[in-house]
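Undergrad: Generate coordinates for the sequence data below:
(2 chains)
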Amino acid sequence: MAKATITFEDINVTVTVPAGTRVIEVSEKVGSGITYGCREGDCGTCIMKVTAGWNNLTEPSVLEDKILRENMAGKHNRLACQAQVLGGEISLKPV
Amino acid sequence: MNSVQLESEDGVPLAVALSERVHWVGALDPNLRTFDIILKTANGTSYNAYVIRGSEGVAVIDTVKEGFANDFFARLESVADYSEIKVIVLNHLEPDHTGALPELMKRAPQAQLFISQKAQSMLKGLLKQDELSYTPVVTGDKVSLGDRSLEFLHTPYLHWPDTQCTYAPEEAMLFSGDVFGCHFCDNRLYNDKVGDFRFSFEYYYAHIMRPFKEYVVRALELIEPLPLKLIAPTHGPILRDRPQHYIQRYRQLSSPALHNELKPNQKTLLIFYISSYGNTRRMAEAIYQGAMQIEDVRVSLYDLEGGEVAPFVDLIEEADGLVLGTPTINGDAVKPIWDLLSSLAVVNLKNKLGGVFGSYGWTGEGVRLVEDRLRGLKLRVPIQGLRVKLIPTEDEIHECKAFGLELAQELTGARESRVINFADL
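TA: Residues are numbered from 1 along each chain as shown, chains lettered A, B, ... in the order given. Prediction:
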């Protein structure tokens, strides 16, 4: 299975994960400051900043785009409960 | 006479003029005793809504709870015709302010709806209509009514994501939504005429606004520079006498009460425990000693049995880290721990460091359950909780000290960078 790494910059932790993993599955376990509300892409609580490897995450869905817009999210922001890892290296942090 | 005329002689509700162009068209609910499950009120509340008239149209700002719509519409009709309504502003979509909205939209179908950016999905959730026409607004957006205008202030999370304030510059009035409001029902309406509502004002802040202090401060940055003659909130007295006084009070309530004796860059770690046979207490003391090895962390140790919940909540609000020690009794953490945790909804815990430990007899679920709760409360829990079966050994006491040290290092950012395999998590 393809491997990838996610680096949580706020706590200086890098996790090796299989492709397809969602950020939410990892960030709470390692204690990153990304926090969650609904956990299903509706509330916008888990907006995070992707600092490197944007293209190593799945494209945001139409629904995720809508929530990002409504929450006035910045250019490099994603929802941690929705973004899935494709491969390669990704760095992110809470907003 | 202190009274304000709210009804005609034959009992028809009337609007109340706040100025030549602005009217109160709200409703009084003197019999309410519990609001939103979480708040008490000893003399009811009011649902304040307002109408502002410009040379080119009328704006309605907020509505009332559904059951009070008749009063609202009667008052509205006493000062405006539905065909004149050009603008409807919703500062907050909670049902006590939007209950009359669907009917108002039917009666004034030409009116344009102005809501905050974050209110859009909520509006759809409330009205259950797919085809809705509205204008989302942010700070700086304006709408003209001819010789009167409205300016919008983006003030989210006071106390819902959608909340905003609306300023009428020509009137120097702020329609503040729930901000500066309180549950206090008095038909004299104005703060200089009603009974003593100070307790209600503070109580409302403590339960509704306190979890969002950082957003209160951001909102005050927008509100403080405004020339103001009057603040018109959606609940309680209309603040026309010294409105700045209430803004200053919000500033005070959003700032720490006592100076915290901290050195620059010093972090604070609170350890709370409760113990039946002294085992969880011994763990707590060892964790305390371990954490104290880091000079840049001010560590405090508290036995939950020796204190009341409310002051502990005050301490936690300002701390950087929170460590809880609980024994497991009958497969659960003990009630004083849950009582503390269930009292934390009034403070912002986001991104504080959390940790859990405890002694147990045979199953030890308490620690994991509290860890999950801390995550649910939006703390980060990076170090797995520590459990000891019955009496801690010397080795286990060392583990506790190491746990405390690690927590303190996590707070200061002194933990080394780590690479972890997902399968090991």
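
Undergrad: For the rest of this, base every contact and every neighbour count on C-alpha atoms.
TA: Noted.

Undergrad: and residue A:3, what pLDDT?
TA: We have a pLDDT of 86 for residue A:3.

Undergrad: That one: what's it in contact with?
TA: Contact analysis of residue A:3 by CA atoms under 8 Å, 6 or more residues apart in numbering or on different chains lists A:16-19, A:87-88.

Undergrad: count of neighbours near residue B:346?
TA: Residues lying near residue B:346 (other CA atoms under 10 Å in any protein chain shown) number 17.

Undergrad: quick one: contacts for the residue nearest to it when sequence neighbours are not counted?
TA: The shortest distance from residue B:346 to any non-neighbouring residue, by CA to CA, 6 or more residues apart in numbering or on different chains, is to residue B:211 (4.8 Å). Residues in contact with residue B:211, defined by CA under 8 Å, 6+ apart, are B:345-348.

Undergrad: and if we set it to 10 Å?
TA: Listed by CA atoms under 10 Å, 6 or more residues apart in numbering or on different chains, the contact partners of residue B:211 are B:157-159, B:205, B:254, B:317, B:344-349.

Undergrad: For residue B:53, list each beta-bridge partner.
TA: residue B:58 (DSSP bridges).

Undergrad: Show me what counts as buried in stretch B:261-273.
TA: By neighbour count with 16 or more other CA atoms under 10 Å in any protein chain shown, stretch B:261-273 contains the buried residues B:267-273.

Undergrad: Look up which helix or strand residue B:244 falls in, please.
TA: For residue B:244, the host element (DSSP states H and E) is helix B:243-253.

Undergrad: any idea of the mean pLDDT in that helix?
TA: 97.

Undergrad: Whichever helix or strand comes after that helix and chain A, any residue contact?
TA: Downstream of helix B:243-253, the next assigned helix or strand under DSSP H and E is strand B:267-273. No. Strand B:267-273 lies apart from chain A when judged by CA under 10 Å from any CA of the partner chain; the minimum separation is 15.8 Å.

Undergrad: helix or strand right after strand B:267-273?
TA: Downstream of strand B:267-273, the first helix or strand assigned by DSSP H and E is helix B:279-291.

Undergrad: Give me the helices and strands touching that following helix, please.
TA: strand B:267-273, strand B:297-303, strand B:321-325, strand B:353-360, strand B:386-389, helix B:394-412 (3 or more CA pairs under 10 Å, 6 or more residues apart in numbering or on different chains; DSSP states H and E).

Undergrad: Pull the number of nearby residues for the residue in chain A that chain B sits nearest to.
TA: Using CA to the nearest CA, the closest approach of chain A to chain B is made by residue A:31 at 3.7 Å. By other CA under 10 Å, the residues close to residue A:31 number 23.

Undergrad: so what's it scoring on pLDDT?
TA: pLDDT, residue A:31: 86.

Undergrad: again, but for residue B:2
TA: In this prediction, residue B:2 has a pLDDT value of 63.

Undergrad: circling back: export the helices and strands packed on helix B:279-291 to JSON lines and tack on mean pLDDT?
TA: As requested, the helices and strands packed on helix B:279-291 are exported to JSON lines (pLDDT from 0 to 100):
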{"stretch": "strand B:267-273", "mean pLDDT": "97"}
{"stretch": "strand B:297-303", "mean pLDDT": "97"}
{"stretch": "strand B:321-325", "mean pLDDT": "98"}
{"stretch": "strand B:353-360", "mean pLDDT": "97"}
{"stretch": "strand B:386-389", "mean pLDDT": "96"}
{"stretch": "helix B:394-412", "mean pLDDT": "96"}
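
Undergrad: Throw those into TSV and include distance to residue B:80, thanks.
TA: Output for the helices and strands packed on helix B:279-291, formatted as TSV (distance: least, CA to CA, whole Å):
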stretch	distance to residue B:80
strand B:267-273	57
strand B:297-303	61
strand B:321-325	55
strand B:353-360	55
strand B:386-389	67
helix B:394-412	59
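
Undergrad: Just give me the residue closest to the centre of chain A.
TA: Centrality entry for chain A: nearest residue to the mean C-alpha point is residue A:80, 3.4 Å, by CA atoms, centre = their mean.

Undergrad: pretty sure that residue contacts residue A:33?
TA: No. The criterion here is CA atoms under 10 Å, and residue A:80 misses it with residue A:33 at 11.3 Å.

Undergrad: Can you give me the buried ones in stretch B:197-214?
TA: Buried residues in stretch B:197-214, counted by 16+ other CA under 10 Å: B:197, B:200-205, B:208-213.

Undergrad: Just the CA coordinates for it, please, in CSV.
TA: Extracted C-alpha coordinates of stretch B:197-214, given in CSV (Å, rounded to 0.1, in the frame of the first residue of the first chain):
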residue,chain,number,x,y,z
PHE,B,197,-31.0,44.5,36.0
ARG,B,198,-27.3,44.5,36.8
PHE,B,199,-27.3,40.9,38.0
SER,B,200,-29.2,39.7,34.9
PHE,B,201,-26.6,41.5,32.7
GLU,B,202,-23.7,39.9,34.4
TYR,B,203,-25.4,36.5,34.6
TYR,B,204,-26.2,36.6,30.9
TYR,B,205,-22.6,37.4,30.0
ALA,B,206,-21.3,34.6,32.3
HIS,B,207,-23.4,32.0,30.6
ILE,B,208,-23.8,33.1,27.1
MET,B,209,-20.7,35.2,26.1
ARG,B,210,-18.0,33.9,28.5
PRO,B,211,-17.1,30.8,26.3
PHE,B,212,-16.4,33.2,23.5
LYS,B,213,-14.2,35.8,25.3
GLU,B,214,-11.7,36.1,22.4
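
Undergrad: Return the distance of it from the chain's centre.
TA: In this view, stretch B:197-214 has its centroid 8 Å away from the chain centroid, taken as CA atoms, centre = their mean, to the nearest Å.

Undergrad: ok, now stretch B:303-311?
TA: In terms of CA atoms, centre = their mean, the centre of stretch B:303-311 is set 24 Å apart from its chain centre.

Undergrad: where in chain A is pLDDT low?
TA: Applying pLDDT under 70 to chain A picks out residues A:1.

Undergrad: So which bits of it are right by chain B?
TA: Counting by CA under 10 Å from any CA, chain A comes close to chain B at A:5-7, A:9-18, A:21, A:25-37, A:42-43, A:66-67, A:69-72, A:94.

Undergrad: what about the helices in the stretch 51-200 of chain B?
TA: Per DSSP state H, counting those that start in this stretch, the stretch 51-200 of chain B carries helices over the ranges B:69-77, B:95-98, B:101-107, B:120-127, B:198-204.

Undergrad: quick one: average pLDDT of the shortest one?
TA: So that's helix B:95-98. The average pLDDT for helix B:95-98 rounds to 96.

Undergrad: Can you give me the buried ones in that helix?
TA: Applying a neighbour-count criterion of 16+ other CA under 10 Å, one finds B:96-98 buried in helix B:95-98.

Undergrad: how about those residues in a markdown table, adding distance to chain A?
TA: Below are those laid out as a markdown table (distance: CA to the nearest CA, whole Å):
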| residue | distance to chain A |
| --- | --- |
| B:96 | 22 |
| B:97 | 22 |
| B:98 | 20 |
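
Undergrad: In the helix or strand harbouring residue A:67, which residues are buried?
TA: Using DSSP H and E, residue A:67 sits within helix A:62-70. Under the neighbour-count criterion of 16+ other CA under 10 Å, helix A:62-70 has A:64-65, A:67-68, A:70 buried.
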